[in-house]
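*Asks:* Show me the folded form of this:
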Amino acid sequence: MGEGWQRPQRPHQSLIHELHRTGHDPEAGVTFAVKGERDGWKGLCTIPSQSLDNWFPAFIEQLEADSYFSANAPYIPRDPRTGKTRPSRNPARFNAPRAVQGEDKLRYLNCCYVDLDIYNKAGLSPEVAFVRVLQLAADGAIPEPSIYLDSGRGLWPIWELRDNREPSQSVRAVPSTVAKFRSINRALQERLLDLGADRQAIDAARFLRVPGSLNLKGKRKVGFLVKYDLEGKPIRYTLDELERFLGIKAPNIHPALRALGDSDPNQQRPQNRGHLGRCTKDLSRMELLRHLRARPVFQKGQRRKAVWAMASLLVLVRRGALRALKDGVELAPEQKNAAGMDDRAILDHLLSMREEFASVVSKDSEGKAVEDKGPNRKQIEATLKAVLAKCKRGKLSWKMTHSEFAREFRITRDEAAQLGTSNGKPFPYFEEEAVVEPRAELSRDELAAMRREYLSKFVQGGTVESLRELRSRLAEVGLHASPVTVRSDLDALGVINPRTRGSRQKQKLQSEAPLFASETSL
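*Replies:* Numbers count the residues shown, from 1 in each chain. The predicted structure follows:
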């Protein structure tokens, strides 16, 4: 494609180094995967990004064809014995940590991107698409990409991200930054639709092909080009800079609501226990839901419920935070900020939700079309007034369960994966006029059979991991069990865990037992 393009003859980690700029964070990693004609998609491992050079040669042969790496950085699984991230200096001594995938497991956002499926567009080639993207950037239609990746049959324009405070670092992945990421990716795709932009590639958990690997369908090695500014530094952007360039209007919200957007509703902390903690987490889920969904966010039947829920949660969090501060209780940052909200700030936030209501067109008695845009300003003010009056009388409380939340706001399966719960259990979702509780339709015996089937796969090869590690691996496939249950399943499978005291005693007794039963009578 011209000067500056790099197309290694073997898989190479230079581009991975450029994207995964997570400093010395031991919990940040990069996930590798391969795709075969028979086996399909297979995650290989998640390795520490700071020790990429030590790990990469250990499995380079597996990355020769149709291999991928995570564009953004996930968490690294912890060592089941020590509870810390696994050592990474000598990969020859132990197996690499298992592959971690999913937007809810990200620690850093390294880049935004657009997947141009140019093979679906007649007359387009990677070279032609590259020239057109360059022209769009020169005309100011899109920001200048930091990297171009020739995937063998398509082209990926990539925009590297940097943190506002630490320019050398990537952006921390929290609900608010992931929401910004999605809106930016969606805006970039809309401007590149003529070049075959994949509408589905807006999430932050996408994988890129490893440079130097072979695209078997395209019969072509994967190459890349890194762009530099006038000072010879790679071109990088903050999320706010990309939003301003693309004309994405950032809402002017109260600091308390901004802190709630940055908080993780799945994180269990001492401040998030009790009624105040539950209200805080559900309020954070409401804010996250507004970011996850494209507009309109709330459909017919949800609009008034959304206003009432948001008003109740804001008032309850403020009241609980004020009481806790009076008693000298330590609060989370978002709860401290909520204590400073006044009625006007709450009303302004409720009024900002009107843009997210779906309009409903119906006919009046004369047959004329009438558009219902949802609760108006007076109705929202009346709702807040009723909530405040109920709070003053001490009769306002929040009792909505996760199942009711999923039913009232029609939570989809993908949204449920993002909303999550602090106890690790999957969040329920709404489907086909019913709320689906994951695994709830299975009997106890069926669940036990499924657990033991997975456990038998986990212990193949003679290696038995700790109960904590086995529980986390079961949780990844939606099967949650206590340590006692996992131990019982291992006993049912006839698997001896060498880490337990009882197992060591069993092994000792078995080694000392007579070879034949007749010896016991002699």
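*Asks:* Please report how far Gly374 lies from Arg290.
*Replies:* 14 Å (CB to CB, to the nearest Å). C-betas here are computed from N, CA, C, even on glycine.
*Asks:* oh, I was asking about Leu149
*Replies:* Counting by CB to CB, the gap from Leu149 to Arg290 is 32 Å.
*Asks:* So between these two, which is more surrounded?
*Replies:* Neighbours per residue, other CB atoms under 10 Å: of Leu149 and Arg290, the larger number sits with Leu149, 24 against 19.
*Asks:* Quick check: nearest residue in space to the more buried one, chain neighbours excluded?
*Replies:* Of all residues not flanking Leu149 in the chain, Trp156 sits nearest, at 4.0 Å (CB to CB, 6 or more residues apart in numbering).
*Asks:* count of neighbours near that neighbour?
*Replies:* Trp156 has 23 neighbouring residues, counting by other CB under 10 Å.
*Asks:* Report the next helix or strand after the strand or helix carrying it in sequence order.
*Replies:* Assigned by DSSP states H and E, Trp156 belongs to strand 155-161. The first helix or strand that comes after strand 155-161 along the chain, using DSSP H and E, is strand 171-172.
*Asks:* what's the angle from the helix or strand following that next one to strand 155-161?
*Replies:* From strand 171-172 onward toward the C-terminus, using DSSP H and E, the following helix or strand is helix 175-190. Counting by axes from the mean of the first three to the mean of the last three CA atoms, to 10 degrees, helix 175-190 lies at 150 degrees to strand 155-161.
*Asks:* circling back: which strands or helices does the strand holding Trp156 pack on?
*Replies:* Under the contact criterion of 3 or more CB pairs under 8 Å, 6 or more residues apart in numbering; DSSP states H and E, strand 155-161 touches helix 14-19, strand 111-113, helix 126-138, strand 147-150, strand 236-237.
*Asks:* 7 Å - rerun?
*Replies:* Where contact means 3 or more CB pairs under 7 Å, 6 or more residues apart in numbering; DSSP states H and E, strand 155-161 is packed against strand 111-113, helix 126-138, strand 147-150, strand 236-237.
*Asks:* Each with direction, which strands does the shortest one pair with?
*Replies:* It refers to strand 236-237. Applying DSSP bridges to the sheet, strand 236-237 is found paired with strand 155-161 (parallel).
*Asks:* circling back to that earlier point, export the strand holding Trp156 as CSV, just CAs?
*Replies:* Below are the C-alpha coordinates for strand 155-161, written out as CSV (Å, rounded to 0.1, in the frame of the first residue of the first chain):
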residue,chain,number,x,y,z
LEU,A,155,-9.2,-2.5,6.6
TRP,A,156,-9.4,-1.2,10.2
PRO,A,157,-8.9,2.5,10.8
ILE,A,158,-7.8,2.8,14.5
TRP,A,159,-7.8,5.8,16.8
GLU,A,160,-5.4,5.4,19.8
LEU,A,161,-6.7,6.7,23.1
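*Asks:* Pull the distance from it to the chain's centre.
*Replies:* 19 Å (CA atoms, centre = their mean, to the nearest Å).
*Asks:* now stretch 235-254
*Replies:* Using CA atoms, centre = their mean, the offset of stretch 235-254 from its chain centre is 21 Å.
*Asks:* Repeat that for stretch 388-397.
*Replies:* Remark: stretch 388-397 is offset 36 Å from the chain centroid, using CA atoms, centre = their mean.
*Asks:* Kindly format the C-alpha coordinates of it as CSV.
*Replies:* Provided in CSV are the C-alpha atoms of stretch 388-397 (Å, rounded to 0.1, in the frame of the first residue of the first chain):
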residue,chain,number,x,y,z
LEU,A,388,-40.4,14.6,48.1
ALA,A,389,-43.6,14.7,50.0
LYS,A,390,-43.5,10.9,50.5
CYS,A,391,-39.9,11.1,51.6
LYS,A,392,-40.8,13.9,54.1
ARG,A,393,-43.4,11.6,55.7
GLY,A,394,-40.8,8.8,55.9
LYS,A,395,-42.8,6.5,53.6
LEU,A,396,-40.5,6.5,50.6
SER,A,397,-38.5,3.3,50.1
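*Asks:* for that stretch, which positions count as buried?
*Replies:* 391, 396 (16 or more other CB atoms under 10 Å).
*Asks:* So what touches it?
*Replies:* By CB atoms under 7 Å, 6 or more residues apart in numbering, the residues outside stretch 388-397 that reach it are 312, 315-316, 319, 343, 387.
*Asks:* Can I get the buried part of these as one PyMOL selection?
*Replies:* Remark: buried members of the contacts of stretch 388-397, expressed as a PyMOL selection using 16+ other CB under 10 Å:
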select buried, resi 312+315+316+319+387
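*Asks:* Tell me the one of the contacts of stretch 388-397 nearest Glu469?
*Replies:* Nearest to Glu469 out of the contacts of stretch 388-397 is Leu316 (CB to CB; 38.7 Å).
*Asks:* Could you check the pLDDT of the closest one?
*Replies:* With respect to pLDDT, Leu316 has a value of 93.
*Asks:* Run through the residues that contact it.
*Replies:* Here Leu316 is in contact with 279, 396, 398 (CB under 7 Å, 6+ apart).
*Asks:* The last one should be in a strand, yeah?
*Replies:* This means Trp398. No - counting by DSSP: H, G, I helix; E, B strand; the rest coil, Trp398 is not found in a strand; it is coil.
*Asks:* So what are the structural domains in the protein, by residue number?
*Replies:* The chain breaks down by automatic domain parsing into domains covering 14-245, 258-400, 408-438, 444-512.
*Asks:* got a list of what Leu455 touches?
*Replies:* By CB under 7 Å, 6+ apart, the residues touching Leu455 are 470, 489-490, 493.
*Asks:* Doesn't it lie inside a helix?
*Replies:* Yes - according to three-state DSSP, Leu455 belongs to a helix.
*Asks:* Might you list the low-confidence residue ranges for the stretch 201-350 of the chain?
*Replies:* The stretch 201-350 of the chain contains residues with pLDDT under 70 at 250-273, 294.
*Asks:* ok, which stretches of it are helices?
*Replies:* Per DSSP state H, counting those that start in this stretch, the stretch 201-350 of the chain carries helices over the ranges 239-246, 255-262, 274-292, 303-326, 333-338, 343-352.
*Asks:* May I see the ones you listed arranged in a markdown table, with distance to Gly232 as well?
*Replies:* Below are the helices of the stretch 201-350 of the chain laid out as a markdown table (distance: least, CB to CB, whole Å):
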| stretch | distance to Gly232 |
| --- | --- |
| helix 239-246 | 20 |
| helix 255-262 | 34 |
| helix 274-292 | 37 |
| helix 303-326 | 49 |
| helix 333-338 | 39 |
| helix 343-352 | 43 |
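*Asks:* measure Phe32 to Ile47 for me?
*Replies:* Phe32 sits 7 Å away from Ile47, going by CB to CB.
*Asks:* same check, this time on Val178
*Replies:* In this view, Val178 and Ile47 are 23 Å apart by CB to CB.
*Asks:* Strands of the stretch 351-500 of the chain, residue ranges please.
*Replies:* In the stretch 351-500 of the chain, the strands defined using DSSP state E, counting those that start in this stretch lie at 360-363, 369-372, 429-431, 434-436.
*Asks:* Could you count how many residues lie near Leu193?
*Replies:* When neighbours are counted by other CB under 10 Å, Leu193 comes out with 12.
*Asks:* which ones are touching it?
*Replies:* If you count contacts by CB under 7 Å, 6+ apart, Leu193 has none.
*Asks:* Next one, pLDDT for it please.
*Replies:* If you check Leu193, the pLDDT there is 90.
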